[in-house]
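[1] give me a model of this one.
(2 chains)
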Amino acid sequence: TQLLEQSPQFLSIQEGENLTVYCNSSSVFSSLQWYRQEPGEGPVLLVTVVTGGEVKKLKRLTFQFGDARKDSSLHITAAQPGDTGLYLCAGARAGNMLTFGGGTRLMVKP
Amino acid sequence: GAGVSQTPSNKVTEKGKYVELRCDPISGHTALYWYRQSLGQGPEFLIYFQGTGAADDSGLPNDRFFAVRPEGSVSTLKIQRTERGDSAVYLCASSRTGTGGNIGELFFGEGSRLTVL
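    Modelled structure (predicted):
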């Protein structure tokens, strides 16, 4: 059982559609990060959220941290083929250990 | 180099052999992490170093796995008596922060793909 559950695991959509990816846990995190990973490469940080209820926007991506700091969501507006990749949420707790979710594999078709 | 460097990029070995995977972090980064990623899954935490010491090794699956960072820079992940189930991509990451406060950005290498036949 993963500490962080991501849903959906797979998502295939057409260019221009909107989507939301969810990251849920029963544990409280001091901060939560979202990474994006492409084949053959390591994950790359997109954002860090720290405060419960925090919302951060990065161009067409909107990240939200739950009020209780147990869950998070990533919303992409008007998805583009360049958004294709594996999206990973990762929660940080005491001791600076970062725990990753299972990932959401997104494919955006032109 | 500017980023985290991992060698070898690919390693094929036979069951029962010994393997070493090397990670060269970004200069000045005190924190270093090892993760293991199986196909289609998220990275699984193995061990975290703060400087030369292993601050958390709770993710190492058993005593066949061991990691060192003797001078607080380069780290080596060592796997003894490899098994087919050890096949995965081993990712190394480094970061500036590592003590208290909020975790900083982890910079990942491209990984070492280990295949145990």
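
[2] contacts and neighbour counts: CA atoms only from here.
    Fine.

[3] figure out how far the lowest-mean-pLDDT helix or strand in chain A is from the centre of its chain.
    One helix or strand of chain A scores below all others by mean pLDDT, DSSP states H and E: strand A:98-100, with a mean of 91. Averaging C-alpha positions (C-alpha atoms, centre = their mean, to the nearest Å) puts strand A:98-100 12 Å from its chain's average.

[4] that one pairs with which strands?
    If you go by DSSP bridges, strand A:98-100 pairs up with strand A:85-92 (antiparallel).

[5] can you map out the strands along the chain?
    Because you didn't say which chain, this covers chain A. A:5-7, A:10-14, A:19-24, A:31-37, A:44-49, A:55-58, A:61-65, A:71-76, A:85-92, A:98-100, A:104-109 (DSSP state E).

[6] actually it's chain B I care about, not the one you picked
    B:5-7, B:10-13, B:19-24, B:31-37, B:44-50, B:53-56, B:65-68, B:75-79, B:88-95, B:107-108, B:112-116.

[7] which one, of the ones you listed, ends up nearest to chain A?
    Closest of those to chain A is strand B:107-108, at 5.1 Å (criterion: C-alpha to the nearest C-alpha).

[8] I'd assumed A:Glu54 was in contact with A:Thr62.
    No - A:Thr62 lies out of contact with A:Glu54 (C-alpha atoms under 8 Å); the separation is 10.5 Å.

[9] for chain A, what are the nearby residues on chain B?
    B:40-45, B:48, B:55-56, B:91, B:98-100, B:102-103, B:105-111 (C-alpha under 8 Å from any C-alpha of the partner chain).

[10] just the buried ones from these?
    Among those, those classed as buried by 16 or more other C-alpha atoms under 10 Å in any protein chain shown are B:41-45, B:48, B:55-56, B:91, B:98, B:102-103, B:105-111.

[11] where does chain B have its least confident helix or strand?
    Counting by mean pLDDT, DSSP H and E, chain B has strand B:53-56 as its least confident element, at a mean of 90.

[12] quick one: strands adjacent to that strand?
    Short version: by DSSP bridges, strand B:53-56 pairs with strand B:44-50 (antiparallel).
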